[in-house]
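> predicted model, plus sequence, below.
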Amino acid sequence: MQHRHEYLINGKRESGISPFDRGFAYGDGVFRTLAIRRGQLRTWTAHLKRLQTDCNALGIVCPSEELLLGDISKLAGDSSECAIKIVVTRGEGERGYAVPALAQPTRVVIKTALPQYPEQHYSSGVSLFLCQTRLGHQPRLAGIKHLNRLENVLARMEWVDTQVVDGLMLDTDGHVIECTMSNVFMRSGDTLITPDLSKCGVAGVTRQRIIDTAPELGYRAVVRPITLSELMDADEVVICNSLYGVWQVNHLASHAWPFGVLAAKLREQLSKEDDAVFL
């Protein structure tokens, strides 16, 4: 069993982050988290595309696929099961917010043990907490998995109940956006609806994969604003991310949904369409 975190900074093990690095100083960077299972780097193409898109949105030069895969392979070694986090910052700069003309990006690849989730999360569903911390609107950052996640940190501080797996977050208009570490879907009849993230929130890889694969399961995928009352009235609610996949939501605060099968269907479908890379 793996207990120790391992990492590479710009491809080197014996290295550190400069206090002048803009990712450290300002959260000026992006990240992705994905899994290695049975020696395969799962959903690699989708994660790389999102990393490149997010870097481009911030004007950061994204490391090449060759460099990233080289770092991941070196770090993973003979590990057949682990979690990989990729962080790309703008690099070092002088004091102040002005962006350096010739910034050299910093790339960090971190290996940790895969989280061990209770089987009951898959077989019996999960409970959510309704967070009071609201997500502010910033369309220029909406959808990007950037390094400034203080809203999520504050929201995660709101509950200590170990039976709660995640917290649902609304925006300043009261619309459902996401959970602290997950995206959200609701089913109404044969329609799968996920929140519009044009003002805030993170557009996760698993979220997009569900949108893309929904028609194959007979569902119509819709992206639009969702109110909390709509979510409560939904036939089913699921949450998703790249490490655990998809979980059925049974409880939110005092509200309960009958246990459904949407999460199981989505997990099965996603398992057939995983663009994995052998390391």
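Structure's in. What do you need? Numbers count the residues shown, from 1 in each chain.

> quick one: mean pLDDT for stretch 249-256?
For stretch 249-256, mean pLDDT rounds to 95.

> and the end-to-end length of that stretch?
End-to-end span of stretch 249-256 (C-alpha to C-alpha, to the nearest Å): 9 Å.

> and that stretch, which residues are buried?
By neighbour count on 16 or more other C-beta atoms under 10 Å, the buried set for stretch 249-256 is Val249, Asn250, His251, Leu252. Every C-beta, even on glycine, is put in place using the N, C-alpha and C of the backbone.

> show me the contact partners of that stretch.
The contact list for stretch 249-256, computed with C-beta atoms under 8 Å, 6 or more residues apart in numbering, reads 124-130, 168, 231-232, 236-239, 257, 259.

> now do the helices in the stretch 51-200 of the chain.
65-76, 119-123, 150-156 (DSSP state H, counting those that start in this stretch).

> show me where the stretch 101-250 of the chain has strands.
With strands called from DSSP state E, counting those that start in this stretch, the stretch 101-250 of the chain shows them at 106-112, 126-130, 164-170, 175-179, 183-188, 191-195, 220-224, 226-227, 236-241, 245-252.

> what residues sit buried inside the second one?
Within strand 126-130, the residues that qualify as buried are Val126, Ser127, Leu128, Phe129, counting by 16+ other C-beta under 10 Å.

> the residue positioned nearest the centre of the chain and Glu178, how far apart?
Central residue of the chain (C-alpha atoms, centre = their mean): Gly204, 4.9 Å from the mean position. To Glu178, Gly204 is 8 Å away according to C-beta to C-beta, to the nearest Å.

> what do you get for Asp71?
Counting by C-beta to C-beta - Asp71 and Glu178 are separated by 28 Å.

> more crowded one of the two?
Glu178 (27 against 23; other C-beta atoms under 10 Å).

> give me the nearest residue to Asp235, chain neighbours excluded.
Spatial nearest neighbour of Asp235, chain neighbours left out: Arg187 (4.9 Å); criterion: C-beta to C-beta, 6 or more residues apart in numbering.

> was I right to think that neighbour contacts Leu262?
Yes. In this structure, Arg187 is within contact of Leu262 by C-beta atoms under 8 Å, at 5.5 Å.

> find residues that contact each of the two.
Glu236, Val238.

> and the two? which has more neighbours close in?
Set Arg187 next to Leu262 and count neighbours by other C-beta under 10 Å: Leu262 wins out with 21 against 17.

> out of the buried residues of stretch 249-256, who's nearest Lys49?
Val249 (27.9 Å; C-beta to C-beta).
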